[in-house]
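A.B. asks: only geometry, no sequence info:
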């Protein structure tokens, strides 16, 4: 399968669709999931085209994982979380819906269940949660 330059994350990278950006460097972008399953649910993507982990280069994976580590630690602090759930889905059978490599970071509290999939969040709350992560990043 080939990379689709019109996927929603490619459009976010080009600035065609707005996003609440928590962190950005030369190689990656972290932005908030607009259908959060927990407060602080965010996504890390490479800035270069890549369908998923199955076609990612070592450089793309290394850059993403460095950002995942940085943001996960900030999210733990920002939300007083007890742990982090990290998710990555590849191909439709693996649960992937947007075909641009992405990692979900979900700050979790002991005993907390994740919310339902596909439910639009409150944009004001998502924006505030983005600011919490950004502040924790310094």
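C.D. replies: That came through fine. Just so you know, these numbers come straight off a predicted model, no measurement behind them. Numbers count the residues shown, from 1 in each chain.
A.B. asks: leaving out sequence neighbours, find the closest residue to the residue nearest the centre of the chain.
C.D. replies: Central residue check for the chain by CA atoms, centre = their mean: the C-alpha nearest the mean position is that of residue 43, 0.3 Å away. With CB to CB, 6 or more residues apart in numbering as the criterion, residue 43 has its nearest non-adjacent residue at 4.8 Å, and that residue is residue 102. Where C-beta positions appear, they are placed from N, C-alpha and C, glycine not excepted.
A.B. asks: on that earlier part again, tell me the SS of the residue nearest to the centre of the chain?
C.D. replies: Each residue gets one of three states, and residue 43 gets strand by DSSP: H, G, I helix; E, B strand; the rest coil.
A.B. asks: please report how far it lies from residue 73.
C.D. replies: Summarising the geometry, the distance separating residue 43 from residue 73, computed by CB to CB, to the nearest Å, is 16 Å.
A.B. asks: same check, this time on residue 134
C.D. replies: For residue 134, the distance to residue 73 under the criterion CB to CB works out to 13 Å.
A.B. asks: of the two, who's got more company?
C.D. replies: Taking residue 134 and residue 73 together and counting by other CB atoms under 10 Å, residue 134 has the greater number of neighbours (17 against 13).
A.B. asks: gap between the residue nearest to that one when sequence neighbours are not counted and residue 33?
C.D. replies: Beyond its immediate neighbours in the sequence, the residue positioned closest to residue 134 (CB to CB, 6+ apart) is residue 22, lying 5.2 Å away. Residue 22 sits 11 Å away from residue 33, taking CB to CB as the criterion.
A.B. asks: wait, what's in contact with the residue nearest to the centre of the chain?
C.D. replies: 9, 30, 31, 32, 33, 102, 103, 104, 105 (CB atoms under 8 Å, 6 or more residues apart in numbering).
A.B. asks: all set, thanks.
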